[in-house]
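K.L.:
I'd like to go over a predicted model; first the sequence, then the structure.
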Amino acid sequence: TGSTRPQRLLKAVQKNATKGDPQSVISTIDHFCRRCEWAMNVGDEKGTILDSVVCEVSPGSTLELGTYCGYSTVRIARLLAPGTKLITLEFNPDFAKVARQVIEFAGLQEKVLLVEGPSGDIIPKIKEQFGITTFDLVFLDHWKDRYLPDTKLLEECGLLRKGSVLMADNVICPGTPDYLAYVRSSPKYDSKYFKSHLEYTKVEDGLEKSVYLG
Ligand SMILES: O=C(NC/C=C/[C@H]1OC[C@H](O)[C@@H]1O)c1cc([N+](=O)[O-])cc(O)c1O
Ligand SMILES: [Mg+2]
């Protein structure tokens, strides 16, 4: 049977990027998505905004929801300080298989813990299983109807602290209306919209940065 898009994206990385060079992996994926096949990576325009927030927060502990092919995993992990880690959750085993290879090709496997399974099941186990107290940064990029329930779950599990930053992709396209209404109206959050475009297109999309106030 034929290959899948994630597999073709991985082949492009293995062929064109430089092993151990995260920037070349990022550039190769962006080129592949612009010139060959669109794929749902956060992309270079929103990625630059995400980079600036990662650098500002300089997180000791980071959670990513929705790994897909590992593009944003590489973007974030390349900016993390030595000794700090990123936990990324992916439900789809085929995506996880590709992502592991992309992350390894970038040479970032020591900074990344990829956990396969449904976020709703994994989040309540994170404290005990991975020795995390709270997350300094959370990047939400998984199923759009899971952003709100998983955010409430993070609160309930005591995984957020005063100042924890949530960065949410796709708040306009495909859209996460219930999540957006929640973080923009709740007194527990200070929320700000970074207007941009859907990856590799001219369609409006953006990132919502929400600081947990405790
Ligand atoms: O569904 C999106 N992301 C959620 C990913 C869902 C898949 O990955 C996690 C889960 O295994 C599921 O199979 C998405 C969709 C678009 N889009 O334009 O359709 C753009 C984006 O940036 C997106 O993150
Ligand atoms: Mg996305």
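P.N.:
In hand now; what should we look at? Ligands and ions are numbered 1, 2, ... in the order given.

K.L.:
let me know the pLDDT of the closest residue to ligand 2 within the chain.
P.N.:
When scored by C-beta to the ion, the chain has D169 as its residue closest to ligand 2, at 3.7 Å. In this view, the C-beta of every residue, glycine as well, is placed from N, C-alpha and C. According to the predicted model, the pLDDT of D169 comes to 98.

K.L.:
do I have it right that it meets K46?
P.N.:
Yes - assessed by C-beta atoms under 8 Å, D169 is found in contact with K46 at 6.6 Å.

K.L.:
which residues of the chain lie near ligand 2?
P.N.:
By C-beta under 5 Å from the ion, the residues of the chain that approach ligand 2 are 141, 169-170.

K.L.:
by neighbour count, which of those residues wins?
P.N.:
D169 (31 neighbours; other C-beta atoms under 10 Å).

K.L.:
list the contacts for it?
P.N.:
Contacts were defined as C-beta atoms under 8 Å, 6 or more residues apart in numbering; by that measure D169 touches 42, 46, 72, 139-141, 205, 207.

K.L.:
and T88, by the same measure?
P.N.:
By C-beta under 8 Å, 6+ apart, T88 lies in contact with 63-65, 67, 70, 73, 99, 112-115.

K.L.:
picking that back up, mutual contacts of D169 and K46, please.
P.N.:
With C-beta under 8 Å, 6+ apart as the test, D169 and K46 both reach 205, 207.
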